[in-house]
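Trainee: My questions concern the predicted model and sequence given below.
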Amino acid sequence: MKAIFFDRDGIVNRDFGYVYRQEDFTFCDGIFELLDFCKKQGFLLLLVTNQSGIGMGYYTLEDFKDVSNYMQNELKQRLGYGFDSIYFCPHKPEDECLCRKPKPGMIQKAMKDYKLDLSQSVLIGDRLRDVQSAQNAGIKYKILVKNQSEDMGEVVIENLYQVNYIKEIISLMQREILK
């Protein structure tokens, strides 16, 4: 089984920093079309998101669940389905947990849950740590929506594709990944 792993903030919704309230949750341009394309290609739709705001006390686990339910309900109204599963890390960066990206814990949990073929799977993120987690877990394809404020430095990520906008991902996948 193949899957597409989506980061949340900056990919599914606009990243205003610690988005945990329904009124602050704004879907990114092109995300509905991308999710629909991926579903029609037979991919599981999985969300993997760091949510350190929970561990830092900025919002609660219930706040996160509420905004996740809102997101899922909006997707179901618009597309007829939502994400197949949502994986999240509530820990602070200094907690050194195994689930916080760039570590592969959330992806490894999804692998166990769904018996995934990572050689056919994709991760879409907007931060270096997103694509690093994909590489650390063995996901073949990584798509980075460029974040102008982040420098990749000397980090080497295999099978990395970079785009400026979410709307570019469908044609990239048709051209490079699904060929």
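Mentor: Done, it's in. Numbers count the residues shown, from 1 in each chain.
Trainee: For residue 162, what are phi and psi?
Mentor: Dihedral pair for residue 162: phi -120, psi 140, per degrees, to the nearest 10.
Trainee: Just the pLDDT for it.
Mentor: On the pLDDT scale, residue 162 is placed at 94.
Trainee: just residue 149 next, same as before
Mentor: Confidence score, pLDDT, at residue 149: 66.
Trainee: cool, and residue 7?
Mentor: 98.
Trainee: Spit out the contact partners of it.
Mentor: Going by CB atoms under 8 Å, 6 or more residues apart in numbering, residue 7 touches 47-49, 101, 123-127, 130. C-beta coordinates here come from the backbone N, C-alpha and C atoms, glycine included.
Trainee: what does residue 128 give?
Mentor: By CB under 8 Å, 6+ apart, the neighbours of residue 128 are 102, 144, 150, 152, 155.
Trainee: re earlier: would you turn the contacts of residue 7 into TSV with distance to residue 55, pLDDT and secondary structure?
Mentor: TSV is the format used below for the contacts of residue 7 (distance: CB to CB, whole Å; pLDDT from 0 to 100; DSSP: H, G, I helix; E, B strand; the rest coil):
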residue	distance to residue 55	pLDDT	secondary structure
47	18	98	strand
48	16	98	strand
49	13	98	strand
101	14	97	coil
123	23	98	strand
124	24	98	strand
125	20	97	strand
126	21	95	coil
127	18	94	coil
130	19	96	helix
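Trainee: which one of the residues you listed is nearest residue 171?
Mentor: residue 124 (13.9 Å; CB to CB).
Trainee: What ranges does this structure have for its helices?
Mentor: 31-40, 52-55, 61-79, 105-114, 128-137, 169-172 (DSSP state H).
Trainee: what about residue 129, distance to residue 80?
Mentor: Here the criterion is CB to CB, to the nearest Å. By it, residue 129 lies 32 Å from residue 80.
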